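A.B. asks: structure for this input, please:
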Amino acid sequence: MREHDGLAFPIAEYERRLRELRERMSERLLDAVVVSDPENLAYLCGHQTTGYSFFQALVVPLENEPASVTRQMEASNIEQRTWVEDARFYSDTGDALQMLYSVLSDLGLGDKQVGYERNSYFFPAYQQDRFHTLFTDGNLLDCYGIVEEGRLCKSEAEIAIMRKASKATEAGMQAGLDAAAEGVSENDIAAAACDAMFRAGGEYPAVLPYITSGPRTMIGHATWEGRTVQPNEHVFLEMAGCVQRYHTAMMRTVVLGEPSRSMRKAEGIMLNALEEVEALIHPGVTVSDVDGLVRRIINDNDFGASLITRAGYSIGIAFAPAWDEGYMLSLKQGSPDILKPGMTLHIIPWMWGIDGDKTCGISDTVVVTEDGCESFFTLDRHFTVK
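C.D. replies: Residues are numbered from 1 along each chain as shown. Below is the predicted model:
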């Protein structure tokens with residue numbers, strides 16, 4: 001392992017992650033794992049690139065030095081961002097899977113028990129089929145979740161990075177709230193939010209802000225589309241600041257003019273939901289209990305709104321197409337998972353369908369502590385009324 005100034009974390013942090021991964025590999029009787037998920041690569045060795053549609057992997061043996069397989073274009077990323085010493089590169093006319101097989105053979109793993117991430121978005125089925133065709137002397141096993149187990153509870157070093165990300169989130173959100181006004185376009189609001197978020201130290205997030213106004217707030221996962229905000233409308237904003245691929249997310253709402261009875265009640269319900277759920281969160285609580293509490297509070301209204309999604313999800317390292325780690329942990333009914341110290345969660349008690357045509361949100365990102373939870377944010381949660 002190479003220690004240098006380009007690493008996101010001290011080398012001891014990466015050594016711990018690698019050591020704990022190998023402990024889980026030993027428990028599963030694996031001689032090596034092939035890690036190809038972009039988030040897992042960033043976690044294990046610091047590698048990050050927007051070019052993850054090309055095959056990339058880190059081969060981690062139970063013993064000896066790991067080796068990476070990436071496109072030649074990414075050689076500078078491996079050199080400047082990671083601790084990897086054994087780096088293999090294929091050209092744009094080369095054969096990535098043949099190189100992966102050659103690396104495994106070179107490391108004496110061609111006839112061993114090798115795990116690979118069958119669920120990885122960027123290790124598609126046709127490549128996996130070819131991998132199986134090449135790897136005939138050993139045994140390929142799905143090792144889904146073996147890296148994610150280490151990512152779920154963040155270290156103090158990771159939480160410190162997320163605190164930096166939260167400053168970018170708050171700066172972007174405050175700028176978006178300030179920019180929202182009658183006669184302003186959604187594009188103007190988004191531009192203000194992104195400008196402030198990036199100037200506050202934020203890097204490119206896995207997803208750009210969700211900015212919608214009036215009836216467009218009913219469209220799930222909609223971004224700005226040039227619409228002009230009209231008198232007495234509301235604006236829904238959701239965004240996540242990012243530093244070193246770590247995200248913290250937040251929802252807020254702007255109301256232009258005097259809020260209606262329904263909007264006032266919605267604000268109170270969401271604020272209460274956050275207060276109640278953050279009082280409940282502590283190690284040992286099931287995620288199902290958290291979801292149930294949020295859902296009961298949000299759905300108990302007389303203006304037709306509901307919580308149509310999970311109540312929240314794990315958040316941390318992310319690349320597009322999403323900023324969440326919900327595939328690792330989601331706050332939803334029926335899940336037996338329990339909360340543990342170091343888990344970082346985006347709690348989303350939002351309300352869809354207020355009076356049939358409005359969506360609003362107030363959310364928070366928290367870290368589970370030894371005896372409760374702590375928010376990453378200080379920004380006021382109330383509706384911004386103008």
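A.B. asks: can we go C-alpha only for contacts and neighbour counts from here?
C.D. replies: OK.
A.B. asks: can you list the domains in the protein?
C.D. replies: 11-151, 156-385 (automatic domain parsing).
A.B. asks: what's the most buried one of these?
C.D. replies: domain 156-385 (a mean of 20; mean count of other C-alpha atoms under 10 Å).
A.B. asks: distance from that one to the middle of the chain?
C.D. replies: Remark: domain 156-385 is offset 13 Å from the chain centroid, using C-alpha atoms, centre = their mean, to the nearest Å.
A.B. asks: pLDDT on that domain, on average?
C.D. replies: Taken as a whole, domain 156-385 has an average pLDDT of 97.
A.B. asks: rewinding a little: with distance to Arg2 added, can I get the domains of the chain in a markdown table?
C.D. replies: Output for these, formatted as a markdown table (distance: least, C-alpha to C-alpha, whole Å):
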| stretch | distance to Arg2 |
| --- | --- |
| domain 11-151 | 4 |
| domain 156-385 | 19 |
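A.B. asks: of all those, which one is nearest Glu3?
C.D. replies: Judged by C-alpha to C-alpha, the one of the domains of the chain that comes nearest to Glu3 is domain 11-151, at 5.9 Å.
A.B. asks: report the distance from the closest one to the chain centre.
C.D. replies: Centre to centre, stretch against its chain (C-alpha atoms, centre = their mean), the figure for domain 11-151 is 21 Å.
A.B. asks: just the endpoints, please. Distance across that domain?
C.D. replies: End-to-end distance for domain 11-151, by C-alpha to C-alpha, to the nearest Å: 17 Å.
A.B. asks: what does stretch 361-369 give?
C.D. replies: Using C-alpha to C-alpha, one end of stretch 361-369 lies 25 Å from the other.
A.B. asks: now do the helices in this structure.
C.D. replies: Ranges of helices in the chain, per DSSP state H, are 11-27, 38-45, 75-81, 96-106, 125-134, 148-151, 156-179, 186-199, 261-280, 287-299.
A.B. asks: distance to Glu225 for those - can I get that in JSON lines?
C.D. replies: What follows is the helices of the chain, written out as JSON lines (distance: least, C-alpha to C-alpha, whole Å):
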{"stretch": "helix 11-27", "distance to Glu225": "41"}
{"stretch": "helix 38-45", "distance to Glu225": "29"}
{"stretch": "helix 75-81", "distance to Glu225": "34"}
{"stretch": "helix 96-106", "distance to Glu225": "39"}
{"stretch": "helix 125-134", "distance to Glu225": "35"}
{"stretch": "helix 148-151", "distance to Glu225": "35"}
{"stretch": "helix 156-179", "distance to Glu225": "15"}
{"stretch": "helix 186-199", "distance to Glu225": "7"}
{"stretch": "helix 261-280", "distance to Glu225": "24"}
{"stretch": "helix 287-299", "distance to Glu225": "29"}
